[in-house]
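**Q** Sequence first, predicted model second:
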Amino acid sequence: MRTLTLLAVTLGLIQASVSFATAPEISGTVQISPALKDKIKPEAVLYLIARQTDSGPPIAVKRITQPFQFPIEFSITARDSMMGGDTLDGKFQLSARISQSGSATPANPGDLQTAKPVKNVVAGGKAASILISEVRR
């Protein structure tokens, strides 16, 4: 009986892995303005944030640690969901922030970020291009 239970659990995990792999993802490239490249601190972390509305909470966040080699290709999947495995459906807006402290929150003066989010990004659609172009004040 234990063998059957273990087999069922194993098959369930395999099935879950397959569904993550075939679920739509948000993909693209992050670039940084040349004037900002030398302002990145050694402990800084890049966060890619997907929201469904201008003021809503993040739906998914991708954390990328150094070393950074710009341009950086990325993909945001259900594994990056704030709700643990939600699928990425609908349109999103994407923004990027390099947290100089490495902390996800709060955003602080001196962090490097996108001036405007990229809007109408669809999971499974055309790759997004994000530009980090300003210093947060």
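**A** That came through, no problem.
**Q** Can you pull up the most central residue in the chain?
**A** Lys62 (2.7 Å; CA atoms, centre = their mean).
**Q** Work out the gap between the helix or strand hosting that residue and the centre of the chain.
**A** Per DSSP states H and E: Lys62 is located in strand 58-65. The chain centroid and the centroid of strand 58-65 are separated by 3 Å, computed with CA atoms, centre = their mean, to the nearest Å.
**Q** Flag every buried residue along whatever helix or strand comes next after it.
**A** Next helix or strand after strand 58-65 toward the C-terminus (DSSP H and E): strand 72-76. Using 16 or more other CB atoms under 10 Å as the test for burial, strand 72-76 gives 72, 74, 76. Using the backbone N, CA and C atoms, a C-beta is placed for each residue, glycine as well.
**Q** Which of the residues you listed sits closest to Gln100?
**A** Nearest to Gln100 among the buried residues of strand 72-76: Ile72, at 17.0 Å, using CB to CB.
**Q** quick one, strands of this structure?
**A** 26-32, 45-51, 58-65, 72-76, 91-99, 112-114, 118-122, 128-135 (DSSP state E).
**Q** Dump those strands to TSV, plus mean pLDDT.
**A** Output for the strands of the chain, formatted as TSV (pLDDT from 0 to 100):
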stretch	mean pLDDT
strand 26-32	97
strand 45-51	97
strand 58-65	96
strand 72-76	97
strand 91-99	96
strand 112-114	98
strand 118-122	95
strand 128-135	98
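**Q** Which of these sits closest to Thr105?
**A** Proximity to Thr105 (CB to CB) singles out strand 91-99 among these, at 8.6 Å.
**Q** Quick one: list the elements packing against the closest one.
**A** strand 26-32, strand 45-51, strand 112-114, strand 118-122, strand 128-135 (3 or more CB pairs under 8 Å, 6 or more residues apart in numbering; DSSP states H and E).
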